[in-house]
Structures are given as C-alpha cells and as structure tokens.
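Student: show me how the following folds:
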Amino acid sequence: MKPPEYIAVYGTLRKGFRAEDLMKPCKLVGDTKIVGAMFDLGSFPGVKLDLKDHRFYAEVYKIPAKPAERAKLLERLDTYEGEGFLYVRRNIETKFGSTYIYEYKGDIVGREPFFKWA
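Tutor: Numbering: from 1, shown residues only. I've put the predicted structure just below:
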C-alpha cells in the first residue's frame, strides 16, 4: 500500500503557532473537519479518533514526495509529537486522500471536547 501523501495538524504545528516551522518542507493544501474529538491538554491539544459523534478542525499539508525529505520530515514530527509515547501516527481518509494524523494515547476522562484549538 502506498504511504499517505498528506498530514493533518490541529494544534501547535498549525500556521501561526509555536511549532509551525516544522511544517516548512510541506505545502498547505487546505483545511478539513475530521471525525473524532479534540481535547485541551494544557499547552497543546490531543485528539481521539474513535469518538464518532464529534468533529474537529485541522490543516492539511502535502508531504514531500522525495523519500529522503519525507523520511526526515516524519522523523522530526514523530520526535516532536512523542510518537509511540504521547501520540500514535495514524492513517485516516480526508477529502484530500490518505492522510497521517497524530492521535493522543493518554487519558481524556473528565475533559470536554471542542472543535478548534486557539
């Protein structure tokens, strides 16, 4: 199976936020609503994709096609997101096609979902 060509970001990686520089190798293609719920975790948000009654906003970027650039980008993002520890990189379908997104692994008990992290 071909790897996703896109990545969806919903928090600190979005344009205008503190980690937007990590997205420089990518091209912003638009925004979308994603099935799942977003939660405020303090200084960053997290999403749970299994909460089907909710939607949240995300920016979608085209990932570089060159294998070396792609691998370097995903390695940097995995490190930033704490992939495997805080977050898991998932593959979802968006209106743009097959898309990576980072899903929060932790507990969200007692937290209220919201649509867009500001």
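Student: please enumerate the helices of this structure.
Tutor: 67-81 (DSSP state H).
Student: against G82, how distant is the residue nearest to F85 when sequence neighbours are not counted?
Tutor: Leaving out its chain neighbours, the residue that sits closest to F85 by CB to CB, 6 or more residues apart in numbering is K105, at 7.3 Å. The way it works is simple: take the backbone N, C-alpha and C, and place the C-beta from them, glycine included. For K105, the distance to G82 (CB to CB, to the nearest Å) stands at 9 Å.
Student: which ones are touching S43?
Tutor: With contact taken as CB atoms under 8 Å, 6 or more residues apart in numbering, S43 is in contact with no other residue.
Student: if I look at it, how far off is F17?
Tutor: 11 Å.
Student: with Y87 instead?
Tutor: 16 Å.
Student: cool, and E103?
Tutor: Distance from E103 to F17, by CB to CB: 19 Å.
Student: could you give the mean pLDDT of stretch 73-80?
Tutor: Averaged over stretch 73-80, pLDDT sits at 98.
Student: ok, stretch 3-19 next?
Tutor: Stretch 3-19 comes out at a mean pLDDT of 96.
Student: and if you look at stretch 32-40?
Tutor: Mean predicted confidence for stretch 32-40 is 95.
Student: gap between the two ends of that stretch?
Tutor: Stretch 32-40 has an end-to-end distance of 19 Å (criterion: CA to CA, to the nearest Å).
Student: in that stretch, what's buried?
Tutor: 32, 34, 36-40 (16 or more other CB atoms under 10 Å).
Student: so what touches it?
Tutor: Taking CB under 8 Å, 6+ apart as the rule, stretch 32-40 contacts 8, 10, 45-52, 54-58, 60, 92, 94-96, 101, 103-104, 108, 111-117.
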